[in-house]
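Trainee: let's see this in three dimensions:
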Amino acid sequence: MTKRIVVTGIGATSALGGTAPENWANLLAGVSGTHTLTHEWIEQYQIPVTFAAEASVRPEEVLPRHEAKRLDPSTQFALIAAREAWEDAGAPDIAPERLGIDWATGIGGVWTLLDAWDTLREKGPRRVMPLTVPMLMPNAGAGNLSLHFNAKAFARTVVSACASSTESIANAYEHLQDGLADVVIAGGAESAIHPITMASFASAQALSRRNDDPEHASRPGAIDRDGFVMGEGGAALVLETEEHAKARGAKIYAYLVGGGVSADSYHITGNDPEGAGAARAVEQALAQAGATPDQVTHINAHATSTPVGDPNEYEALKRVFGSRIDEIPVSATKASTGHLLGGTGALEAVYTVLALRDRVAPPTINMTEPDPAVPFKLSGEPQPLGDGPQLAISNSFGFGGHNAVVAFADYPG
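Mentor: Predicted coordinates:
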């Protein structure tokens, strides 16, 4: 028997704010989280891209020093987002063996790893912190959340580039369906605005070069887009069976009705221009939801603002929705937040849940002249979703050919 899975708590920290409500308010207001970086390493290493969407509330402003110093920034963001989501869900009273963690990151503890390497070279092995490996490992987020919340059902980690945290949510759906837990904290976090990643993405011609106009650099769907903007932060959702949520009197945001995961097997960095794999992930999510493409009323697109990626996503969705894709309200929220890599899917899932709650598709800022090859129904203003049942999907596609899609439905509460 298929269980109904609901969202009972959300948390988010990004360039748009340190909490989910701040994120949502600034997203609807059309705020850009992208700014010029002031770090000394920009000039020191002559990084060709001088801007990014750094988290607006720094972890050290939220976490006690004794706690923060034992965690890589990516795990700091994980803990901040998950704590907010847990409190938002009413801090469920649940047996540890029935609480699970499905977490994700794309890169993990890059700051810890490279800081330790610098320490080794400059000061020798005795000065390398003993906690270096537990801090840099990609599963540090899941492990630390398990410790913090006393979650003993499982603590699993997905590392599938920019599809990571969407895949973690899809996995959480299946784990709840399989009865492995009654409540799951799912999401992802990333902190990779680092000289090596900025230099590498710039070298790959993946980043926008609009150093003179950073706030308008990310332009999904625009004909003059020239690359994505690095972002950072984390987001979390508390997911549980509807039966469990109702039994404890929890507020419910939305239903999580399905997820789909596929692989392109096309290119290590580029996605399939025909969109077959991405389309298959959408179809899987809708099949799991028991829904048809005609029922979808909103899409949070992956839409990174790269010249190649945006048209490929359009082609993928056209495979599923046909000409109707031009009529569905689409939001490309990375224009506001930057690209959080492994954390981006969870953040966009939070936005999708709130879009259903408020029946509004958030705006896509920085739209100049639309690209005829990407004729999504994007708007610089919030788009009302109207009356009647709502079904939304959120897409994430990553290096390695990873595709992940999750589907949410409005909760008639």
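
Trainee: mind listing what's buried in stretch 14-24?
Mentor: Neighbour counts over stretch 14-24 (16 or more other C-beta atoms under 10 Å) mark 14-20, 22-24 as buried. Yep, even glycine has a C-beta here, placed from its N, CA and C like the rest.

Trainee: can you point out the buried residues in stretch 245-263?
Mentor: Here stretch 245-263 shows 245, 250, 252-262 as buried, counting by 16+ other C-beta under 10 Å.

Trainee: what residues of the helix or strand harbouring residue 312 count as buried?
Mentor: Assigned by DSSP states H and E, residue 312 belongs to helix 309-321. Residues 309-321 are the ones in helix 309-321 that count as buried (16+ other C-beta under 10 Å).

Trainee: could you dump the residues you listed to a markdown table with pLDDT and distance to residue 57?
Mentor: Listed next are the buried residues of helix 309-321 as a markdown table, based on pLDDT from 0 to 100; distance: C-beta to C-beta, whole Å:
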| residue | pLDDT | distance to residue 57 |
| --- | --- | --- |
| 309 | 95 | 29 |
| 310 | 96 | 30 |
| 311 | 95 | 35 |
| 312 | 95 | 34 |
| 313 | 97 | 30 |
| 314 | 97 | 34 |
| 315 | 96 | 38 |
| 316 | 96 | 35 |
| 317 | 97 | 34 |
| 318 | 97 | 39 |
| 319 | 97 | 40 |
| 320 | 98 | 37 |
| 321 | 98 | 37 |
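
Trainee: got JSON lines for the residues you listed, with distance to residue 172 too?
Mentor: What follows is the buried residues of helix 309-321, written out as JSON lines (distance: C-beta to C-beta, whole Å):
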{"residue": "309", "distance to residue 172": "26"}
{"residue": "310", "distance to residue 172": "28"}
{"residue": "311", "distance to residue 172": "31"}
{"residue": "312", "distance to residue 172": "27"}
{"residue": "313", "distance to residue 172": "24"}
{"residue": "314", "distance to residue 172": "28"}
{"residue": "315", "distance to residue 172": "29"}
{"residue": "316", "distance to residue 172": "24"}
{"residue": "317", "distance to residue 172": "24"}
{"residue": "318", "distance to residue 172": "29"}
{"residue": "319", "distance to residue 172": "27"}
{"residue": "320", "distance to residue 172": "23"}
{"residue": "321", "distance to residue 172": "26"}
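
Trainee: which among those gets closest to residue 86?
Mentor: The closest of these to residue 86 turns out to be residue 313 (C-beta to C-beta; 32.7 Å).

Trainee: so which of the buried residues of stretch 245-263 are in helices?
Mentor: In helices, judged by DSSP state H, the following of these are found: residue 245.

Trainee: just flag the most distant two among the buried residues of stretch 245-263.
Mentor: Pairwise distances across these (C-beta to C-beta) peak at 32.4 Å, for the pair 250 and 262.

Trainee: packing partners for the helix or strand in which residue 185 is found?
Mentor: If you go by DSSP H and E, residue 185 is part of strand 183-190. With contacts taken as 3 or more C-beta pairs under 8 Å, 6 or more residues apart in numbering; DSSP states H and E, strand 183-190 sits against helix 73-88, strand 99-104, helix 140-149, helix 164-177, strand 233-241, helix 344-358.

Trainee: and these: which comes nearest residue 276?
Mentor: Taking those one by one with C-beta to C-beta, helix 164-177 is closest: 18.4 Å.

Trainee: give me the angle between that closest one and helix 140-149.
Mentor: 50 degrees (axes from the mean of the first three to the mean of the last three C-alpha atoms, to 10 degrees).

Trainee: which residues does the closest residue to residue 206 other than its chain neighbours contact?
Mentor: With sequence-adjacent residues excluded and distances taken as C-beta to C-beta, 6 or more residues apart in numbering, residue 206 is closest to residue 227, at 5.5 Å. Counting by C-beta atoms under 8 Å, 6 or more residues apart in numbering, residue 227 touches 205-209, 217, 305-307.

Trainee: narrow these to those in helices?
Mentor: If you go by DSSP H, the contacts of residue 227 have nothing in helices.

Trainee: quick one: which of those is nearest residue 10?
Mentor: residue 305 (25.0 Å).

Trainee: hmm, residue 207 and the closest one touching each other?
Mentor: No - counting by C-beta atoms under 8 Å, residue 305 stays clear of residue 207, with 9.8 Å between them.

Trainee: of those two, who's got more company?
Mentor: Taking residue 305 and residue 207 together and counting by other C-beta atoms under 10 Å, residue 207 has the greater number of neighbours (28 against 25).

Trainee: where in the stretch 1-150 of the chain is pLDDT low?
Mentor: In the predicted model of the stretch 1-150 of the chain, no residue satisfies pLDDT under 70.

Trainee: same thing but at 80, please
Mentor: 1 (pLDDT under 80).

Trainee: strands of that one, start to end?
Mentor: Using DSSP state E, counting those that start in this stretch, the strands of the stretch 1-150 of the chain run over residues 5-13, 35-36, 51-52, 99-104.

Trainee: with the stretch 151-300 of the chain instead?
Mentor: Taking DSSP E, counting those that start in this stretch, the strands of the stretch 151-300 of the chain run over residues 154-158, 183-190, 233-241, 254-263, 298-300.
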